[in-house]
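A.B. asks: quick one, structure for this:
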Amino acid sequence: MDKVSYFELRSASAAFEWTSVQKETIHAIDNITRHDDDNKNQHNNQEYRFTQKYITIFLALFVAISSIVTSCSKEIEPTEPPVVPSTRSTEQLVADSICYYYKEQSYWSSAIATANPISSFTDRFFVSNVDLMTNARLALSQLVAQTPVHAGYNGAIDRFSYVAEASLSGSSLRADREDGYGIYETLARINNDTIGHIYISLAEGGSPAARAGIRRGDKITGINNNRNLQVPIVGGVAQNQTAILLVRQALESPAFTIEVEREGVTYRHNLQYDNYEIDPLIADTIYTIQGRSIGYFGLSSFEQTRTSGNIGTAFRSRLDAIFSRFNAAQVQDIIVDFRYNIGGYVHAAEYVANHLINNEGDRRLMYKSDTNPNLRQGRYAGEFDDVNFLKNTTLNPRKLYFLVGNNTASASELVISALMAYYNPNGNDDAGSRRMEIIGTPSAVKPGTNIPSTYGKPMGFFPQTIMNRVDLWAASFKIINARNYTDYFNGIPATYPIPVQDNILYNFGDPRESMIYTALYHSVNNSYPITSASTAARSARNPSMSTNGVEIVKELHPRSPRELKKYKQ
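C.D. replies: Below you'll find the model as predicted:
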């Protein structure tokens, strides 16, 4: 057992209602410096973050027998209590702490049952012969199961909170990194062919695949000299998993050789598994159609816009450069490609939104946060204040077009919902006044519906580090836009009700790609392309759009939505 010293947290609106002086006492490991919030930098450009407090804390049972009844809002005396030896293991203490902080920070705190002592709850499902992280996840699973049932999820509404191994980097502001090859692949077939092939749908920026020159639209033709990668398709279903498993195993290995075909030319690459810094800007361009300039840019996630030293990151510089070009070209409409955007940092989402807001929304409410009462006082006071727009550019877009998929989530949904209030002030259903369009893929159509929508994640998080072993990310604040639009747990619906195929045969930014073409067509004609059951007939009417009869059979490596991260300044 680690040597410990003790301090007590305030218990106003405490995480658990203590009914006697029998209570769990909050501890801190010796020699860990507590950060003084008053010494932190002032907010810049409304970029909010929670600094990870590397206060190593855990819960130990302090037993005292007394008939004195205490209130849930009672202030714990600031003096140190006597040191009481603890017989609880590190694994048990971590589970106890997860319980304590989830009750304190969760948006659904009122639904979580009170346990006194906390160990009376955590010990019921603690498993002694498994590792610390397994027990941490078990503890959290028992807590989220108590949140209200959501019909759309067929279960608890909190499908978002999670625990992860704690980062010991010493900095809460670090460029985000990922492990692997950065390859996201999709099984597709052309013109109802009975044979399907595996294509690259995204090579994440900064990854080994992207550095090697692999890009969206490349067909995988070989893995470690095995070139038998055709997949029989019957009734839209893969009949053989051999090729799929071969690719999957390669992506889980430390190194492999891949061959891809692009426009009839085969390219061979030797790839090494790596930990890489994510470059989220996937493409940008400006189209000129009938004298109109239309801007396009795509983001795969929202990464840091500044370092811990308040120095702008490469992502921020590149984003600024894109909008400088948009300004110079007098861009009128902007297409924002979020179909693979899985979320990220709140401050980065705010920064992008400030580039996109029109003149009407400047210096007006971007969004507000709803939390449980615990997060409006004490060490959290002021961290969830309303956020206003502050334009980063003189650009005043006429229209915005968002391209979305089934995993467009979190921070990308924040941007869409915040801008909706000023581009569609009469609501998304009023086509006459609508200045923001949302176009979705077939895979974004949820069961029981026929209109595409985003993932559905209006919740945000901040990390609570426990014993330098585990980070608890409790879904703690809910996003609400200026028109009080919120609760999009089933996703933000597309304004264009007809799903548009994500044509993976074309790279991002290519105007022939189906979703981009649909947005461009609407920008020029103020209406959507004529639709028909016949792809050939549609292509004949709109020869600039090339669908190639592509059919997505299955996303083999879908992207997982990321947390909406907020850090304390």
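
A.B. asks: which of the residues in stretch 479-498 are buried?
C.D. replies: Neighbour-count burial for stretch 479-498, counted by 16 or more other Cβ atoms under 10 Å, picks out 479-482, 485, 488-496. (Each C-beta comes from the backbone N, C-alpha and C, glycine too.)

A.B. asks: next one: stretch 438-452
C.D. replies: Residues Ile438, Ile439, Gly440, Thr441, Ser443, Ala444, Val445, Lys446, Ile451, Pro452 are the ones in stretch 438-452 that count as buried (16+ other Cβ under 10 Å).

A.B. asks: check whether the last one really touches Val404, as I assumed.
C.D. replies: Yes - counting by Cβ atoms under 8 Å, Pro452 does reach Val404; the two are 6.9 Å apart.

A.B. asks: quick check: neighbours shared by those two?
C.D. replies: Ile439, Gly440, Thr441, Ala444, Ala494 (Cβ atoms under 8 Å, 6 or more residues apart in numbering).

A.B. asks: closest to Leu251 out of the residues you listed?
C.D. replies: Using Cβ to Cβ, Thr441 is the member of the shared contacts of Pro452 and Val404 that lies nearest Leu251, at 22.8 Å.

A.B. asks: show me the shaky parts of the stretch 201-350 of the chain.
C.D. replies: Within the stretch 201-350 of the chain, not a single segment meets pLDDT under 70.

A.B. asks: helices along that one, start to end?
C.D. replies: Ranges of helices in the stretch 201-350 of the chain, per DSSP state H, counting those that start in this stretch, are 208-212, 242-251, 314-328, 346-356.

A.B. asks: and the last one with helix 314-328, angle?
C.D. replies: In other words, helix 346-356. 10 degrees (axes from the mean of the first three to the mean of the last three Cα atoms, to 10 degrees).

A.B. asks: for stretch 212-222, measure first residue to last.
C.D. replies: 16 Å (Cα to Cα, to the nearest Å).

A.B. asks: run through who's touching it.
C.D. replies: For stretch 212-222, contacts defined as Cβ under 8 Å, 6+ apart pick out 183, 185, 197-203, 227, 229, 247, 257-262, 266-269, 271, 504-508.

A.B. asks: one step back: could you export the shared contacts of Pro452 and Val404 as TSV, including secondary structure and pLDDT?
C.D. replies: Output for the shared contacts of Pro452 and Val404, formatted as TSV (DSSP: H, G, I helix; E, B strand; the rest coil; pLDDT from 0 to 100):
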residue	secondary structure	pLDDT
Ile439	strand	98
Gly440	strand	98
Thr441	coil	96
Ala444	helix	96
Ala494	coil	98
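
A.B. asks: let me know the closest of those residues to Ser109.
C.D. replies: Of all the shared contacts of Pro452 and Val404, Ala444 has the smallest distance to Ser109: 31.7 Å, by Cβ to Cβ.

A.B. asks: name the nearest residue to that closest one, ignoring sequence neighbours.
C.D. replies: The shortest distance from Ala444 to any non-neighbouring residue, by Cβ to Cβ, 6 or more residues apart in numbering, is to Pro452 (3.7 Å).

A.B. asks: all helices of the stretch 351-500 of the chain, in order?
C.D. replies: 411-423.

A.B. asks: quick one, which of the contacts of stretch 212-222 are buried?
C.D. replies: The neighbour-count test (16+ other Cβ under 10 Å) marks 183, 185, 197-203, 229, 247, 258-261, 269, 271, 504-508 as buried among these.

A.B. asks: which of the buried residues of stretch 438-452 sit farthest apart?
C.D. replies: Greatest spatial distance in those: Ile439 and Lys446, 16.2 Å, computed using Cβ to Cβ.

A.B. asks: about what we covered before: nearest to Pro373, out of the helices of the stretch 201-350 of the chain?
C.D. replies: Closest of those to Pro373 is helix 346-356, at 21.2 Å (criterion: Cβ to Cβ).

A.B. asks: report all helices and strands that that closest one contacts.
C.D. replies: With contacts taken as 3 or more Cβ pairs under 8 Å, 6 or more residues apart in numbering; DSSP states H and E, helix 346-356 sits against helix 314-328, helix 411-423.

A.B. asks: make it 10 Å
C.D. replies: strand 292-299, helix 314-328, strand 333-337, strand 365-370, strand 387-388, helix 411-423, strand 477-480 (3 or more Cβ pairs under 10 Å, 6 or more residues apart in numbering; DSSP states H and E).

A.B. asks: how about the second one: buried residues?
C.D. replies: Buried residues in helix 314-328, counting neighbours by 16+ other Cβ under 10 Å, are found at Phe315, Arg316, Leu319, Asp320, Ile322, Phe323, Phe326.

A.B. asks: for it, output the C-alpha coordinates as CSV.
C.D. replies: Taking C-alpha atoms only, helix 314-328 is exported to CSV below (Å, rounded to 0.1, in the frame of the first residue of the first chain):
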residue,chain,number,x,y,z
ALA,A,314,0.2,23.7,-37.1
PHE,A,315,-3.6,22.8,-37.3
ARG,A,316,-4.5,26.4,-36.3
SER,A,317,-2.1,27.9,-38.8
ARG,A,318,-3.4,25.7,-41.6
LEU,A,319,-7.0,26.5,-40.7
ASP,A,320,-6.3,30.2,-40.7
ALA,A,321,-4.6,29.9,-44.1
ILE,A,322,-7.6,28.1,-45.6
PHE,A,323,-9.9,31.0,-44.6
SER,A,324,-7.5,33.5,-45.8
ARG,A,325,-7.7,31.9,-49.2
PHE,A,326,-11.5,31.9,-48.9
ASN,A,327,-11.5,35.6,-48.1
ALA,A,328,-9.2,36.4,-51.0
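
A.B. asks: about what we covered before: quick one, which of the helices and strands packed on helix 346-356 gets closest to Ser527.
C.D. replies: strand 333-337 (14.2 Å).

A.B. asks: show me what the closest one is packed against.
C.D. replies: strand 281-289, strand 292-299, helix 314-328, helix 346-356, strand 399-404, helix 411-423, strand 436-440, helix 514-525.

A.B. asks: Glu383: which of these is closest?
C.D. replies: Nearest of the helices and strands packed on strand 333-337 to Glu383, taken as Cβ to Cβ: helix 346-356 at 11.0 Å.

A.B. asks: quick one: the closest one to helix 411-423, angle?
C.D. replies: 30 degrees.

A.B. asks: any idea of the angle helix 346-356 forms with strand 436-440?
C.D. replies: 120 degrees.

A.B. asks: pull the CA atoms of helix 346-356 into CSV?
C.D. replies: Listed next in CSV are the C-alpha coordinates belonging to helix 346-356 (Å, rounded to 0.1, in the frame of the first residue of the first chain):
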residue,chain,number,x,y,z
VAL,A,346,-14.3,22.0,-27.3
HIS,A,347,-11.9,25.0,-27.9
ALA,A,348,-11.1,23.7,-31.4
ALA,A,349,-14.7,23.4,-32.2
GLU,A,350,-15.3,26.9,-31.0
TYR,A,351,-12.4,28.1,-33.1
VAL,A,352,-13.8,26.6,-36.3
ALA,A,353,-17.3,27.9,-35.5
ASN,A,354,-15.9,31.4,-35.2
HIS,A,355,-14.5,31.1,-38.7
LEU,A,356,-17.9,30.0,-40.1
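
A.B. asks: okay, angle between that helix and strand 365-370 too, please.
C.D. replies: Using the same axes, to 10 degrees: helix 346-356 against strand 365-370 is 160 degrees.

A.B. asks: give me the buried positions along helix 346-356.
C.D. replies: For helix 346-356, the neighbour count (16+ other Cβ under 10 Å) marks Val346, His347, Ala348, Ala349, Glu350, Tyr351, Val352, Ala353, Asn354, His355, Leu356 as buried.

A.B. asks: tell me where the model's unsure across the protein.
C.D. replies: The chain contains residues with pLDDT under 70 at 1-86, 167-175, 531-548, 561-569.

A.B. asks: per-domain residue ranges of it.
C.D. replies: 4-165, 177-276, 279-464+479-547 (automatic domain parsing).

A.B. asks: so which of these comes closest to Glu555?
C.D. replies: The closest of the domains of the chain to Glu555 is domain 177-276. By Cβ to Cβ, the value is 5.3 Å.
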